[in-house]
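**Q** sequence plus the predicted model coming up.
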Amino acid sequence: NTFFSNLQIPFLKKRIFFDIFTRACIIQKKVVPLRRKRSKEAMKRILFSLFCLCCLLPIGAVDYCATEAWGNAGEITGGGNATPILVSDYKALKKALTTQTNQPKVIIVTQDIEFHKKIMSGLSDLTLLALPGVRLFNNETEPDNSGLLHFEGRNIILRNLTLHGAGVFNDEGKDHIWVDHCDFCDGMDENVSVRYYADSLSFTWCRFHYSRTEGEDINHQRAILVGSNSSDIPADGSYDVTFAYCWWDEGCNQRMARTRHSVVHYLNCYWNSSISSYYLCVDDAACYAEGCTFEGEANRKNKVLTIPTDWETVNYWTFVNCEGNIPADEGVVSPPEYEYDHLMPAEAKAYVTDPTCGAGATLVVKKSGTVFSPCQPVEEQEEDLDTVLHGTKPSKILRNREILILRGKKVYTITGQEYDAAH
């Protein structure tokens with residue numbers, strides 16, 4: 001009991017582990033008391049159970065699908081438990097994002113939507129989600145018609161969005177924004193711009209990339225800008241931003257991120273663009289990078305971090321357990337005060353680049369508003385597990401103790417036999 005009560009597993013419930021262990025002690029549907037003489041068969045089951053526990057413990061080192069916002073975004077609620085508004089076209093999405101009701105909103109995009117002009121939203125207390133595989137895209141390149149989403153509110157949650165096109169995402173709102181498991185592609189000059197009154201943001205499990213790696217426009221493939229100019233300073237003196245488990249992938253040329261007047265936490269992030277000129281750019285900023293991996297061209301050229309030369313600013317940075325051509329620390333930057341788990345660089349890279357549940361729009365979103373990761377099933381959400389298992393009732397599975405764990409698209413029984421989830 002002490003072992004299970006102290007077990008720290010973010011997303012696998014402790015009672016599943018206890019269930020596994022007790023299942024191993026069952027012979028002919030009777031539990032063998034641990035203090036009595038055990039048969040060889042009982043011992044085999046117990047040893048197999050313990051082996052499974054040891055193998056599964058590392059899986060709990062990271063939470064693919066947080067149940068609430070964290071990092072510098074703080075404890076925000078977005079649209080909370082509001083009844084989801086389902087939208088499938090541009091007109092409906094624009095109406096949902098711009099109509100003020102003075103009530104929290106949860107909006108779910110159910111089909112691909114093509115934009116010909118960005119949507120400007122001033123709403124606060126908002127959650128915007130998309131069903132798996134759904135894209136929001138804009139092929140327009142003229143400034144008046146390009147772009148996708150522009151937010152000016154506060155207490156906003158964006159999850160599982162795939163955003164492709166020039167001027168993908170702008171945040172000029174007030175504060176407290178959580179962007180989780182989103183895929184940003186082909187934004188010119190940036191995939192993401194944070195400026196003016198925006199502050200207290202967390203980007204978790206996001207992927208930034210571009211579809212082109214050559215041509216005259218690649219110099220404008222700049223991933224993220226925080227602070228639009230030298231005079232763009234938040235009321236409290238700095239933008240507070242968290243980048244956790246994010247991936248700056250192929251095609252990014254620079255600004256990963258460029259941060260002005262900022263305090264930034266990079267946690268278990270990965271950079272690997274083959275056309276990168278530099279990665280981090282600090283301008284009156286303090287950066288704390290932890291468990292990150294720098295690869296690609298900028299790392300080869302020793303340009304993991306750079307400082308602009310157009311004006312003199314004071315910058316500080318600290319790298320902890322990072323891999324790559326890491327510059328020597330400058331000054332002392334303290335770790336953030338909020339709680340978080342961290343991985344070593346190689347392990348973090350594997351999680352972030354996992355195509356099934358890593359960085360990008362890899363969550364499972366239901367029309368009911370339920371959100372989970374395919375690598376992180378929640379046993380209480382029977383309907384969602386029912387969908388993943390294609391008709392097998394999870395309540396019966398748990399009562400009969402036949403399932404060890406659902407990991408991605410694989411199901412493992414207590415005997416160690418493997419099945420596809422669709423089996």
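**A** Looks like it arrived, so ask away. Numbering: from 1, shown residues only.
**Q** mind listing the strands for the stretch 51-200 of the chain?
**A** With strands called from DSSP state E, counting those that start in this stretch, the stretch 51-200 of the chain shows them at 85-87, 105-109, 113-115, 119-121, 126-130, 135-138, 149-151, 156-159, 162-165, 169-171, 177-180, 183-185, 189-194.
**Q** who touches the third one?
**A** What it means is strand 113-115. Where contact means C-beta atoms under 8 Å, 6 or more residues apart in numbering, the residues beyond strand 113-115 that reach it are 87-90, 93, 134-140, 147-148, 165. Heads up, the C-betas are built off the backbone N, CA and C, glycines and all.
**Q** okay if I get the strands of the stretch 51-200 of the chain as a markdown table plus mean neighbour count?
**A** Output for the strands of the stretch 51-200 of the chain, formatted as a markdown table (neighbours: other C-beta atoms under 10 Å):
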| stretch | mean neighbour count |
| --- | --- |
| strand 85-87 | 19 |
| strand 105-109 | 23 |
| strand 113-115 | 19 |
| strand 119-121 | 19 |
| strand 126-130 | 27 |
| strand 135-138 | 20 |
| strand 149-151 | 21 |
| strand 156-159 | 25 |
| strand 162-165 | 23 |
| strand 169-171 | 24 |
| strand 177-180 | 27 |
| strand 183-185 | 25 |
| strand 189-194 | 25 |
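**Q** need the least confident one among these, by mean pLDDT.
**A** The stretch with the lowest mean pLDDT among the strands of the stretch 51-200 of the chain is strand 169-171, at a mean of 57.
**Q** before we move on, the earlier item: can you redo the strands of the stretch 51-200 of the chain as TSV with distance to D341?
**A** Conversion of the strands of the stretch 51-200 of the chain to TSV gives the following (distance: least, C-beta to C-beta, whole Å):
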stretch	distance to D341
strand 85-87	34
strand 105-109	27
strand 113-115	35
strand 119-121	32
strand 126-130	24
strand 135-138	31
strand 149-151	28
strand 156-159	20
strand 162-165	26
strand 169-171	26
strand 177-180	16
strand 183-185	23
strand 189-194	24
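**Q** so which of those strands is nearest G227?
**A** For the strands of the stretch 51-200 of the chain, proximity to G227 was assessed by C-beta to C-beta; strand 189-194 is nearest, at 7.4 Å.
**Q** what element comes up after that closest one heading to the C-terminus?
**A** Using DSSP states H and E, the helix or strand that follows strand 189-194 towards the C-terminus is strand 201-204.
**Q** adjacent strands (with direction) for that following strand?
**A** Sheet pairing of strand 201-204 (DSSP bridges) gives strand 177-180 (parallel), strand 239-244 (parallel).
**Q** got the contact list for the longest one?
**A** When you say that, I think you mean strand 239-244. By C-beta under 8 Å, 6+ apart, strand 239-244 touches 70-73, 194, 198-206, 226-227, 257, 259-269, 336, 340.
**Q** now the residues you listed: which count as buried?
**A** 70-73, 194, 198-206, 226-227, 257, 259-269, 336 (16 or more other C-beta atoms under 10 Å).
**Q** if I look at A257, how far off is E68?
**A** Distance of A257 to E68, computed by C-beta to C-beta, to the nearest Å: 24 Å.
**Q** oh, that last question was meant for I113, not what I typed.
**A** 27 Å.
**Q** and S231, by the same measure?
**A** Taken as C-beta to C-beta, the span from S231 to E68 is 35 Å.
**Q** likewise for V264?
**A** To E68, V264 is 21 Å away according to C-beta to C-beta.
**Q** all helices of the stretch 1-150 of the chain, in order?
**A** Secondary structure of the stretch 1-150 of the chain, counting by DSSP state H, counting those that start in this stretch: helices at 2-6, 14-24, 40-56, 90-98.
**Q** how about the strands of the stretch 251-400 of the chain, start to end?
**A** Secondary structure of the stretch 251-400 of the chain (DSSP E, counting those that start in this stretch): strands at 258-267, 270-271, 280-290, 293-294, 305-306, 316-320, 364-365, 371-372.
**Q** of those strands, which is nearest P327?
**A** Nearest to P327, of all the strands of the stretch 251-400 of the chain, is strand 305-306, at 5.1 Å by C-beta to C-beta.
**Q** by contact count, what packs against the closest one?
**A** strand 280-290 (3 or more C-beta pairs under 8 Å, 6 or more residues apart in numbering; DSSP states H and E).
**Q** and the strand it packs on with strand 316-320, angle?
**A** 40 degrees (axes from the mean of the first three to the mean of the last three C-alpha atoms, to 10 degrees).
**Q** now do strand 280-290: which elements does it pack against?
**A** Applying 3+ C-beta pairs under 8 Å, 6+ apart, one finds that strand 280-290 contacts strand 258-267, strand 305-306, strand 316-320.
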